[in-house]
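Novice: Could you look at this predicted model? Sequence included:
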Amino acid sequence: MSLISYKNHELYIEEMPLQRIADEYGTPCYVYSKQTIATNWHAYYDALQQSGHAFKINYAVKANSNINILKLLAQMGAGFDVVSGGEIERVLACGAKAKDIVFAGVGKTSAEIARALDLGIYSFHIESEAELLRINDIAQTKNKIAPIAFRVNPNVAANTHAYISTGTKENKFGVDYTKAIDLYLLAKSLSNIKIIGITSHIGSQITSMDPFLSAIDQLLVIIEQLQQHGIILEYIDIGGGLGIRYKDETPPTPQEYVSAVCNKLKDSKLEIHIEPGRSIVANAGLLLTTVEYLKTTGSNHFAIVDAAMNDLMRPALYQSYHDIVAVHESQQSLPEKYAQGFAIVGPICESGDFFALQIKRLLNIKSGDLLAIKDCGAYGFSMSSNYNTRPRCAEVLVNGTQATLIRRRETLEQLLENEQPHDKYAISS
Ligand code: LLP
């Protein structure tokens with residue numbers, strides 16, 4: 001059930017009119033529904049609890065890393081999948097513990113590894129032999145033991161956009177499944193490594209169970225071979241990746257996903273870990289934007305809005321579809337001259353700066369109208385930038401009749417601050 005709906009032709013998120021948010025905080029602005037995040041979380045959590053399996057849900061911080069959202073998830077029992085030192089600090093800032101963190105990513109720096117070891121994170125998800133050796137070396141100098149799992153690349157096609165497919169042998173991610181055993185044996189021989197798990201993440205916005213189940217099959221083969229070598233794991237982590245409905249996709253629900261995964265792992269004693277991101281936050285968020293101008297060039301009608309690709313880059317990067325609706329629902333049909341609908345575009349100086357281009361939107365709109373770009377609670381703000389020297393926008397969290405500003409709009413002063421020349425930072429050759 002969506003908590004973004006019309007009441008008397010005015011769009012609300014939960015019990016809050018979006019017009020009121022625009023009046024108070026301005027546009028562009030991300031707005032999130034707290035109850036939707038909680039509902040999405042519980043869909044996974046309750047299903048896993050009912051399965052009787054031991055489990056852990058490590059929310060993928062990259063999807064939406066606002067510390068207020070992380071805090072909400074931590075309160076509901078989340079662990080966290082991070083991919084940088086920055087994300088580690090965000091998780092700590094939300095009040096969660098280092099023991100709730102798994103650290104993935106192909107390029108962990110020595111400084112990030114050292115910090116994670118000092119904090120005592122739950123597990124390093126290792127993506128190469130070189131990384132394994134580096135982690136062992138750093139752990140040795142600190143006299144610590146690093147808990148690890150290998151991220152295995154199972155060579156499974158996720159049938160999703162090429163940029164977000166991560167589990168085939170052409171991708172940079174994980175270790176080749178044919179080399180996994182050798183790497184585990186190498187890890188076993190190292191003094192400062194403790195093997196605790198196995199993990200795989202094959203991609204994002206996956207809309208059928210088959211790729212997930214094929215990946216698990218590959219992991220089960222490896223787990224069995226490891227047992228024969230006396231390597232006993234504590235957990236199997238199957239990553240994130242479950243898709244949502246942006247337009248007409250029909251992905252499995254979290255309940256269906258959990259039930260299929262648990263069925264596949266019914267004979268396994270391992271703790272089941274998952275790392276959902278998108279399916280927890282995407283449909284909880286929208287980007288509120290104002291129409292600046294209407295413009296016709298050639299045969300195209302454009303609505304130019306005050307949000308841009310720097311605020312939401314998914315359409316530019318992946319040609320992704322997002323539903324766009326008017327905050328005040330028009331009672332009249334579209335004037336004849338606009339019958340083909342509008343391309344919705346931003347002010348940035350690139351033709352890729354669009355929210356809708358090929359698929360025109362049949363909206364009866366004029367300058368000054370408010371629009372809501374839907375389903376962008378995941379990979380929306382977290383991928384935003386300052387391109388064209390645009391301050392990143394505000395974020396607001398709504399709970400029932402209450403709205404809280406959870407990120408202030410950036411100021412131009414903040415943007416220019418780091419560019420002030422300073423003798424302190426000068427060097428000569
Ligand atoms: N675990 C790992 C190791 C990941 O790399 C990712 C996402 C996840 C979990 C969470 O996947 P999810 O449940 O959100 O699908 N920017 C792209 C998505 C990139 C996903 C990267 N990895 C987009 O906007 O579609």
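Specialist: Received it, and whenever you're ready, just let me know what you need.
Novice: thinking Leu334 is in contact with Ala326, fair?
Specialist: No. With contact defined as C-beta atoms under 8 Å, Leu334 does not count as touching Ala326 (11.3 Å). Using the backbone N, CA and C atoms, a C-beta is placed for each residue, glycine as well.
Novice: anything in contact with each of those two?
Specialist: Residues touching both Leu334 and Ala326 (C-beta atoms under 8 Å, 6 or more residues apart in numbering) are Leu363, Asn364.
Novice: And stretch 107-126, what's buried?
Specialist: For stretch 107-126, a neighbour-count test (16 or more other C-beta atoms under 10 Å) marks 108, 112-117, 119, 121-126 as buried.
Novice: what's near enough to touch His328?
Specialist: His328 sits next to His9, Glu10, Leu11, Gln19, Asp369, Leu370 when contact means C-beta under 8 Å, 6+ apart.
Novice: Near the ligand, which residues of the stretch 101-250 of the chain? Just list them.
Specialist: With C-beta under 6 Å from any ligand atom as the criterion, the stretch 101-250 of the chain meets the ligand at residues Ala104, Ile164, His201, Ser204, Gln205, Gly239, Gly240, Gly241, Leu242.
Novice: In those, which has the lowest confidence score?
Specialist: Ranked by pLDDT, those bottom out at Ile164, which has 66.
Novice: In helices, which of the buried residues of stretch 107-126 fall?
Specialist: Glu112, Ile113, Ala114, Arg115, Ala116, Leu117, Leu119 (DSSP state H).
Novice: JSON lines for the residues you listed, including pLDDT?
Specialist: Converted to JSON lines, those look like this (pLDDT from 0 to 100):
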{"residue": "Glu112", "pLDDT": "98"}
{"residue": "Ile113", "pLDDT": "98"}
{"residue": "Ala114", "pLDDT": "98"}
{"residue": "Arg115", "pLDDT": "98"}
{"residue": "Ala116", "pLDDT": "98"}
{"residue": "Leu117", "pLDDT": "98"}
{"residue": "Leu119", "pLDDT": "98"}
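Novice: between those residues, which is nearest Tyr177?
Specialist: For these, the minimum distance to Tyr177 (C-beta to C-beta) is 24.3 Å, reached by Ile113.
Novice: Please identify which helix or strand holds the closest residue to that closest one other than its chain neighbours.
Specialist: Leaving aside its chain neighbours, Ile113 sits nearest to Ile138 (5.1 Å; criterion: C-beta to C-beta, 6 or more residues apart in numbering). Using DSSP states H and E, Ile138 sits in helix 129-142.
Novice: Kindly report the same for His273.
Specialist: strand 271-274.
Novice: and the helix or strand just after that strand, average pLDDT?
Specialist: As assigned by DSSP H and E, the chain's next helix or strand after strand 271-274 is helix 278-281. Here helix 278-281 scores 98 as its mean pLDDT.
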